[in-house]
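# just a sequence and a predicted model for now, questions to come.
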Amino acid sequence: MSQSLNSFADLLRSARKSAVHLELRDVYAIDNEDEGFRAWRSGLRLDPADRVSWWRPWLDLVQEVTANGVRVKRARIVSEPASEYIRYEHSFTFTNVAGGEEVRWLPRRAASDLLLPVNDYWLFDGSVVQFNIFDGDGRWVHTDQSDDPALARSCAAAFDAVWERAVPHEAFSFAE
């Protein structure tokens, strides 16, 4: 594996069929500098009718690649009860779906028998894996990319196993 040689946007734009993302963490860098999370804690919720306020430029990029026929899928494995951060993510995931992503959620207890990588990753066209490495507080540290066919097959199998069990965003609710 090597440090990221291609930018993420370039990798996503180079996909021809699929880009899948597996998220495994319950917290991603929440601190006093995350304006969106602070606003959410104060009661602000994104307005489905106000697309301009949504997560840009990410949604523009997703719309661009899905318009080219690329299927973008995101699966999140989450603990229950859900962390405050996961509830925050869930509150705005409708924007990902509106942007063209397919999103599913899987309670962690339903994934206990699956063999999964320990780091979040993206898999592009089933052949290039980009692992996202985070520190213990959920801050992004770096990425590792690989085009090793055996690793790509393992990541594809792990994602497919999660996807098969996971619940589509529109039907998912948290257990209390």
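Now that the structure is in, tell me what you want to look at.

# what helix or strand is the residue nearest to Trp40 when sequence neighbours are not counted located in?
Nearest residue to Trp40 in three dimensions, chain neighbours excluded: Tyr88, at 4.8 Å (CB to CB, 6 or more residues apart in numbering). Glycine gets a C-beta too; all of them are placed from N, C-alpha and C. If you go by DSSP states H and E, Tyr88 is part of helix 84-99.

# partner strands of whichever helix or strand comes after that helix and their direction?
Using DSSP H and E, the next helix or strand after helix 84-99 towards the C-terminus is strand 102-107. Note on strand 102-107: by DSSP bridges, its sheet partners are strand 71-78 (parallel), strand 167-168 (antiparallel).

# give me the contacts around the last one.
Same thing as strand 167-168. The contact list for strand 167-168 (CB atoms under 8 Å, 6 or more residues apart in numbering) reads Glu102, Val103, Arg104, Trp105, Leu106.

# restrict the helix holding Tyr88 to CA atoms and write it as CSV.
Below are the C-alpha coordinates for helix 84-99, written out as CSV (Å, rounded to 0.1, in the frame of the first residue of the first chain):
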residue,chain,number,x,y,z
GLU,A,84,-24.7,11.6,18.9
TYR,A,85,-22.5,12.0,15.8
ILE,A,86,-24.2,9.1,14.0
ARG,A,87,-27.6,10.7,14.8
TYR,A,88,-26.2,13.9,13.3
GLU,A,89,-25.1,12.0,10.1
HIS,A,90,-28.4,10.3,9.8
SER,A,91,-30.2,13.7,10.0
PHE,A,92,-28.6,14.9,6.7
THR,A,93,-28.2,11.7,4.8
PHE,A,94,-31.2,12.5,2.8
THR,A,95,-28.9,14.9,1.0
ASN,A,96,-26.5,12.1,0.0
VAL,A,97,-29.5,10.2,-1.4
ALA,A,98,-30.8,13.2,-3.3
GLY,A,99,-27.3,13.7,-4.7
